[in-house]
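Engineer: here you go, sequence then predicted model.
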Amino acid sequence: MNYVPLSNSLDFEVHIISSAVISIAALVISYFSIPAAAPSFEAAGLFGIDIGKPKPTDGNPPHVPEGLGLVCGIVYLASLMLTDVIHSDSFLTDKINVLYMLSSSLLILGFADDVLNIRWRTKIMLSIVSSLPVVRHFWGDTTVSVPHLSIWHYFFGDKLTVNLGIIYIMFLVCVMIFCINSINIYAGINGLEVGQSIVIGISVIIFGTIGLNKGGITTVLPSENEQQGGVIISRSKDLCYFAIVTALPFVAVCLALWVHNKYPSKVFVGDTFTHWAGATLAAIGILGKFPFGLLLFFIPQIVNFVLSFPQLIHFLIPASIKSHLPLPFQNCPRHRIPRLDRTTGKLKYTPNLTLINTVLYFLGPMKEKTLTNVLILLQTICCSIVLLCYGMDWISI
């Protein structure tokens, strides 16, 4: 099937307006579907206890329905189907289909994790398998443009492009695995998982909008001109529109979920949401050919992963050595969240290696709502700096 470039089919504005209408509908449907579905999740045994809240006097903390990210994921997939119909005559169809495949597979994996509590090593392997459709999309297309940085030209000379081969494929797999799991380990307080996803999703939309003003996202295309090294560097507005039309419904369903998940949470998102959200954002970035730029939007998640890594691999440390190491290196509890001071109602840091505990260590105890706002503000600042640098041409991503 020959796909017609979006720029040669319908007007760009028509596609954006139609995607905005779909996104608004997705927001409304998700907003009302989540509370409607919550009792069914709780009745099926999918619920949690908010351990960051004081226990009631009768000693029976209320159950909070968990796994409601499934509702948002389903509505998002339906939105993608409608978007696919609208773009049925454009080359975006192929990319949307791959995104649909990955998003649905990770939605199933996340829900299975909520129900079966899948082991980490198993989830990593399943994440690798799930990333294959996206990686296959790039097989044979591993030439990238060199950023406008002196250090890069020191290594690559005056070449404008470099073929990374299998290294680039491995990089894309690592991006997929990281994004799928990074939101999951940067969680534990009301609204944080959804809040950070909304900020990253909005950043992707702004990134695509800036890219349109720049003439499109930089891409490397094959060329028979040997003087150009067998490739040509061009800009694609279609990739910008792909990022926008797929991120719009993502942000919409996340906003609906955030209303119910923000402090004090009426529902929990579960691993269903964290795995699905990370996979969807990763797929948009990779298929939109800005994986490096996407990673820059994940700076707080990268910091949290670096802090968490020694604790996450504690099982690789021999017991004889582990017993002499500080507490965080000895084990990795399922919940590495801060501790509630019941006298002040504030959260205090615990000896667990996370960005959340690091913020509490330096800024002092906070109310849970305040802590969430601080962390989302940090995410917003990091993403805003990246967008500013991109818009001012200080970085090329």
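Structural biologist: Yes, it's here.

Engineer: so residue 64: helix, strand or coil?
Structural biologist: strand (DSSP: H, G, I helix; E, B strand; the rest coil).

Engineer: that one contacts residue 268, doesn't it?
Structural biologist: Yes - the pair residue 64 and residue 268 qualifies as a contact (Cβ atoms under 8 Å) at a distance of 5.3 Å. Every residue, glycine included, has its C-beta placed from N, CA and C.

Engineer: need the overlap of contacts for these two.
Structural biologist: By the contact definition Cβ atoms under 8 Å, 6 or more residues apart in numbering, residue 64 and residue 268 are jointly contacted by 47-48.

Engineer: more neighbours, these two?
Structural biologist: residue 268 (28 against 21; other Cβ atoms under 10 Å).

Engineer: so the more buried one sits in a helix?
Structural biologist: No - applying three-state DSSP, one finds residue 268 to be coil, outside a helix.

Engineer: got a list of what the residue nearest to it when sequence neighbours are not counted touches?
Structural biologist: Once flanking residues are discounted, residue 268 sits nearest to residue 66: 4.0 Å by Cβ to Cβ, 6 or more residues apart in numbering. Listed by Cβ under 8 Å, 6+ apart, the contact set of residue 66 reads 41, 46-48, 114, 267-270.

Engineer: redo that, cut-off 6 Å
Structural biologist: 46-48, 268, 270 (Cβ atoms under 6 Å, 6 or more residues apart in numbering).

Engineer: which pair of these spans the longest distance?
Structural biologist: By the measure Cβ to Cβ, 47 and 270 form the most distant pair in these, at 10.0 Å.

Engineer: higher neighbour count, those two?
Structural biologist: residue 270 (25 against 17).

Engineer: help me confirm that the more buried one comes into contact with residue 67.
Structural biologist: Yes - with contacts counted by Cβ atoms under 6 Å, residue 270 reaches residue 67, the gap being 3.7 Å.

Engineer: shared neighbours of these two, anything?
Structural biologist: Listed as contacting both residue 270 and residue 67 by Cβ under 6 Å, 6+ apart are residue 114.

Engineer: picking up where we left off before, relative to residue 354, how far out is the residue nearest to residue 268?
Structural biologist: 21 Å (Cβ to Cβ, to the nearest Å).

Engineer: and for residue 251?
Structural biologist: Taken as Cβ to Cβ, the span from residue 251 to residue 354 is 25 Å.

Engineer: do the same with residue 306
Structural biologist: Distance from residue 306 to residue 354, by Cβ to Cβ: 11 Å.

Engineer: got the contact list for residue 13?
Structural biologist: Residue 13 neighbours (Cβ under 6 Å, 6+ apart): none.

Engineer: that one sits in which helix or strand?
Structural biologist: Secondary structure assignment for residue 13, by DSSP states H and E: helix 12-43.

Engineer: any idea which residue is closest to the centre of the chain?
Structural biologist: residue 278 (3.1 Å; Cα atoms, centre = their mean).

Engineer: for stretch 286-294, give me every contacting residue.
Structural biologist: Contacts of stretch 286-294 (Cβ under 6 Å, 6+ apart): 95, 134, 172, 175, 217, 219, 239, 242-243, 285, 397.

Engineer: ok, these vs residue 373, which is closest?
Structural biologist: In terms of Cβ to Cβ, no member of these lies closer to residue 373 than residue 285, at 26.1 Å.

Engineer: do you know the pLDDT at the closest residue to that closest one other than its chain neighbours?
Structural biologist: For residue 285, ignoring the flanking residues on the chain, the nearest one in space by Cβ to Cβ, 6+ apart is residue 294 at 3.0 Å. Predicted confidence (pLDDT) for residue 294: 93.

Engineer: distance from stretch 245-258 to the middle of the chain?
Structural biologist: Stretch 245-258 sits 12 Å away from the centroid of its parent chain (Cα atoms, centre = their mean, to the nearest Å).

Engineer: ok, residues contacting that stretch?
Structural biologist: Stretch 245-258 is contacted by residues 19, 22-23, 26-27, 30-31, 72, 75-76, 79, 83, 194, 197-198, 201-202, 204-205, 280, 284 when judged by Cβ under 6 Å, 6+ apart.
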